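Participant: Whatever this is, show me its structure:
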Amino acid sequence: MNKSLSSHATHYWHALSDGRVQCDVCPHQCQLQEGQRGLCYVRGCENGQVVLYSYARSSGFCIDPIEKKPLNHFLPGTPVLSFGTAGCNLSCKFCQNWDMSKSRQMDTLASQASPQQLAQACVANGCRAIAYTYNDPVIFMEYAIDVAQACHAEGIYSVAVSAGYILPAARERFFHFMDATNIDLKGFNEHFYRRLCGGHLQPVLETLIYLVHETDCWVEITNLIIPGENDDPAEIEAMCEWIHDQLGALIPLHFSAFHPDYKLQQIPPTTRQSLENARQIALNCGLKHVYTGNIAALTSNSTFCSQCGLCLIERHQYQLGNWNLDAKGRCRRCQTPLAGRFEASPGHWGARRQPLKIS
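Facilitator: Sure thing, here's the model as predicted:
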């Protein structure tokens, strides 16, 4: 790591009796000697404490449609300023942002921005929210929290795109400042998480239960379907039944298509039929809002009323079409509220992706 990078104090760690320190952000609970980095590579031991090396440094900034996070029930059609840093606390062999999340080169963090600069950039560019994405924001939680506070002061929402791999105390603090999150539920068996992600399933399930039942943070879930790895219909059914029973029928679930990348380039892409089969399993389990991603399909990207079936938000990829919600976020036909966070009218950002330079 570039020694010229300044470090930033963190809170979730404690000293061990043998002189090491233990990071208490995620379930890895890395025990570090002086000068040693954790698995995430951006938190390390310096002067007998755990510090963050990626504070106020980013791999780049971009304005995206909010649906790209993906969030289909949170301010549809609006632009979100997106950024990430480097490193990750999981080691997924199928990571599709591996050039940033797996980076061990701090040169990746070429862009710099203070929390106040990011808040002002959102205001100047008409962004209704800011998203911590590309790599998992729990590993740079101090930076993300400071950005969220600066943005909240300007009326800007905060969105965390995360795998939910975080310990309870840090989880409570981090998500207190998040208005919406998409949690990547990578599979539904422990063996998959250990073998392909370098982590465990149970902490992710606990994060989801906490978010849905103990916070006001809006939650959506993504499951990347990997052929031959987590696409067994019985496993998908078990996952969907768990979501229905533990989180409720109205939580949006996104099935996303895998594309060969990083260390799983020998596996073929997910087919449209596989995504549609997964979606049908979820619907059969009673989930009301099930989507497919990374593949063009009109009906499985649109949002329908859970009561009468009217198409409430028509989508083609990230482009909105017909809008049948009233000003209070209810179905125009039967007045059933749509679960989520909606404004009186949709945004019109569309599918644009606009790189942004912050000076």
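Participant: dump the residue contacts of L320.
Facilitator: By Cβ atoms under 8 Å, 6 or more residues apart in numbering, the residues touching L320 are 76-77, 313-314, 346-348, 350. In this view, the C-beta of every residue, glycine as well, is placed from N, C-alpha and C.
Participant: 6 Å - rerun?
Facilitator: L320 is in contact with 77, 346, counting by Cβ atoms under 6 Å, 6 or more residues apart in numbering.
Participant: Next: L52.
Facilitator: 8, 10, 43, 142.
Participant: Ok, I236 next?
Facilitator: Contacts of I236 by Cβ under 6 Å, 6+ apart are 278, 281.
Participant: Specify the local secondary structure of it.
Facilitator: helix (DSSP: H, G, I helix; E, B strand; the rest coil).
Participant: and the gap between it and F188?
Facilitator: To F188, I236 is 7 Å away according to Cβ to Cβ, to the nearest Å.
Participant: List just the nearest of the contacts of L52 to I156.
Facilitator: Ranked by distance to I156 (Cβ to Cβ), the contacts of L52 are led by E142 at 18.7 Å.
Participant: Specify the beta-bridge partners of F255.
Facilitator: N223, T292 (DSSP bridges).
Participant: wait, L196 sits on K93?
Facilitator: Yes - in terms of Cβ atoms under 6 Å, L196 counts as a neighbour of K93; the distance is 5.1 Å.
Participant: Tell me which of these two has more neighbours.
Facilitator: L196 (20 against 16; other Cβ atoms under 10 Å).
Participant: show me the contacts for that one.
Facilitator: Neighbour list for L196: K93 [criterion: Cβ under 6 Å, 6+ apart].
Participant: Compare the contacts of L52 and tell me which is most surrounded.
Facilitator: Counting neighbours by other Cβ under 10 Å, R43 comes out on top of these with 30 neighbours.
Participant: okay, now the domains of this structure?
Facilitator: Domain segmentation of the chain under automatic domain parsing yields 8-52, 57-356.
Participant: Between those, which has the poorest mean confidence score?
Facilitator: The weakest mean pLDDT among the domains of the chain belongs to domain 57-356, with a mean of 93.
Participant: Strands of the stretch 201-350 of the chain, start to end?
Facilitator: 218-225, 253-257, 290-293, 303-304, 311-316, 319-323 (DSSP state E, counting those that start in this stretch).
Participant: Out of the domains of the chain, which is the most enclosed?
Facilitator: domain 57-356 (a mean of 19; mean count of other Cβ atoms under 10 Å).
Participant: Name the residues that touch stretch 331-344?
Facilitator: 73-74, 218, 250, 305, 307-308, 310, 312, 324, 326-327, 329-330.
Participant: can you give me the end-to-end distance of that stretch?
Facilitator: End-to-end distance of stretch 331-344 (Cα to Cα, to the nearest Å): 13 Å.
Participant: what about it, distance to the chain center?
Facilitator: 24 Å (Cα atoms, centre = their mean, to the nearest Å).
Participant: Next: stretch 328-346.
Facilitator: Worked out by Cα atoms, centre = their mean, stretch 328-346 lies 24 Å from the chain centre.
Participant: Which of the three states applies to E154?
Facilitator: On the three-state scheme (three-state DSSP), E154 is labelled coil.
Participant: Hmm, it is touching A119, no?
Facilitator: Yes - using Cβ under 6 Å, E154 is in contact with A119, at 4.8 Å.
Participant: Got the phi and psi for V147?
Facilitator: phi -60, psi -40 (degrees, to the nearest 10).
Participant: measure it to Q112 for me?
Facilitator: Using Cβ to Cβ, V147 is found at 13 Å from Q112.
Participant: now the helices for the chain?
Facilitator: Along the chain, counting by DSSP state H, helices occupy 98-101, 115-124, 141-152, 168-176, 190-192, 202-214, 233-247, 272-284.
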